[in-house]
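**Q** coords please:
(one chain, ligands or ions: 1)
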Amino acid sequence: MRKKIVAGNWKMNTLPSEGVELAKAVVAGRGEVCECVNFIVCPPFTHLSQVIEAVKGSNIAVGAQDCATETKGAYTGEVAAQMIAALGCKYVILGHSERRQYYGETSETLNKKMAQAYANGLTPIYCVGENLEEREAGNHFAVCKAQIEEVVFNLTEEQFANLVIAYEPVWAIGTGKTATADQAQEIHAYIREVLREKFGALAEECPILYGGSCKPSNAAEIFAKEDVDGGLIGGAALVAGDFLAIGKGF
Ligand code: 13P
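**A** Numbers count the residues shown, from 1 in each chain. Model (predicted):
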């Protein structure tokens with residue numbers, strides 16, 4: 001039985017006080033959703049520590065949205081995986097399309113970040129997904145395959161057993177345009193097949209989340225698909241009621 005996960009990527013939203021309020025509201029409503037759902041919130045670096053404090057004692061985990069490629073040292077502006085882990089974070093989002101697109105993240109940098117995450121006991125939520133042009137050209141399978149092969153295939157079995165993958169089609173992120181449940185299932189099943197080539201039966205255990213305009217009204221239909229194990233939620237994660245309602249989609 002694969003883990004069911006609903007993770008909120010807050011992106012560059014909320015001031016510290018607002019983030020704490022949001023986290024507390026998620027904690028307050030948590031009881032309405034099945035214990036079987038693993039909730040993760042990923043606030044900006046600036047309020048990771050306050051949010052960790054706010055969710056203490058609940059079964060809500062906290063993740064960061066990125067980490068540095070290096071361990072420590074003269075890298076102005078960067079935040080090391082060991083710093084994130086020291087706060088009590090359990091997860092780190094890596095390879096989000098916004099980081100690939102706006103900050104030039106490549107497989108080369110992501111391999112280093114993945115190594116940093118594992119060296120510090122963090123579980124990466126590794127994002128893959130095609131843009132509109134690639135989808136329209138029918139290249140979405142090849143794009144996702146390459147993003148997996150170039151990074152995930154470098155992991156040991158032990159590391160792979162502690163990985164979450166998020167499929168996020170760029171054309172569905174923040175656009176209100178969601179992949180259909182069938183489109184999600186088609187590519188999730190394909191991603192699992194690619195993972196199976198390298199990791200065999202372990203691929204059955206890897207949670208693959210869908211991300212891109214996921215909201216309470218469409219979560220249940222998408223999560224009902226066999227190879228969809230939850231969601232990585234952007235906009236709807238900023239409203240506690242919506243975030244929790246997505247968890248009720250299982
Ligand atoms: P939206 O849910 O706002 O489309 O964002 C999805 C996403 O990018 C999560 O990482």
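
**Q** so how many other residues sit close to the residue lying closest to E150 once chain neighbours are set aside?
**A** Nearest residue to E150, sequence neighbours excluded (C-beta to C-beta, 6 or more residues apart in numbering): S107, at 3.7 Å. (C-beta placed from N, C-alpha, C; glycine too.) Neighbourhood size, S107 [other C-beta atoms under 10 Å]: 17.

**Q** what does K56 give?
**A** Neighbours around K56, by other C-beta under 10 Å: 11.

**Q** And the pLDDT for it?
**A** Here the pLDDT value assigned to K56 is 98.

**Q** And it, how close does it get to A224?
**A** Distance, K56 to A224, by C-beta to C-beta, to the nearest Å: 33 Å.

**Q** now swap in L87 and tell me
**A** L87 is 35 Å from A224, by C-beta to C-beta.

**Q** When the two are compared, which one has more neighbours?
**A** More crowded of L87 and A224, by other C-beta under 10 Å: L87, with 15 against 12.

**Q** Surely the more buried one and L48 touch.
**A** Yes. The pair L87 / L48 is scored as a contact, 5.4 Å apart, by C-beta atoms under 8 Å.

**Q** Could you pull out the strands in the chain for me?
**A** Under the criterion DSSP state E, the chain contains strands at 4-9, 37-42, 60-64, 91-94, 123-128, 164-167, 208-210, 230-233.

**Q** looking just at contacts, which helices and strands does the second one meet?
**A** Okay, so that is strand 37-42. Packing contacts for strand 37-42, counted by 3 or more C-beta pairs under 8 Å, 6 or more residues apart in numbering; DSSP states H and E, involve strand 4-9, helix 16-29, strand 60-64, strand 91-94, helix 240-247.

**Q** which one of those lies closest to E134?
**A** Ranking the helices and strands packed on strand 37-42 by proximity to E134 (C-beta to C-beta) places strand 91-94 first, at 20.2 Å.

**Q** Would you mind measuring from the residue of the chain most remote from its centre to V92?
**A** Centroid-distance maximum for the chain: A74 at 28.3 Å, with C-alpha atoms, centre = their mean. Note on A74: its distance to V92, by C-beta to C-beta, is 22 Å.

**Q** Repeat that for V37.
**A** 20 Å.

**Q** how about the residues of this structure near the ligand?
**A** 9, 96, 168, 173-174, 211-214, 232-236 (C-beta under 6 Å from any ligand atom).

**Q** ok, 8 Å please
**A** 7, 9, 11, 93, 96-98, 127, 166, 168, 172-176, 211-215, 232-237 (C-beta under 8 Å from any ligand atom).

**Q** ChimeraX command to pick out the buried ones of these?
**A** Those of the residues of the chain next to the ligand that count as buried under 16 or more other C-beta atoms under 10 Å are selected in ChimeraX with:
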select :7,9,11,93,96,97,98,127,166,168,172,173,211,212,213,214,215,232,233,234,235,236,237
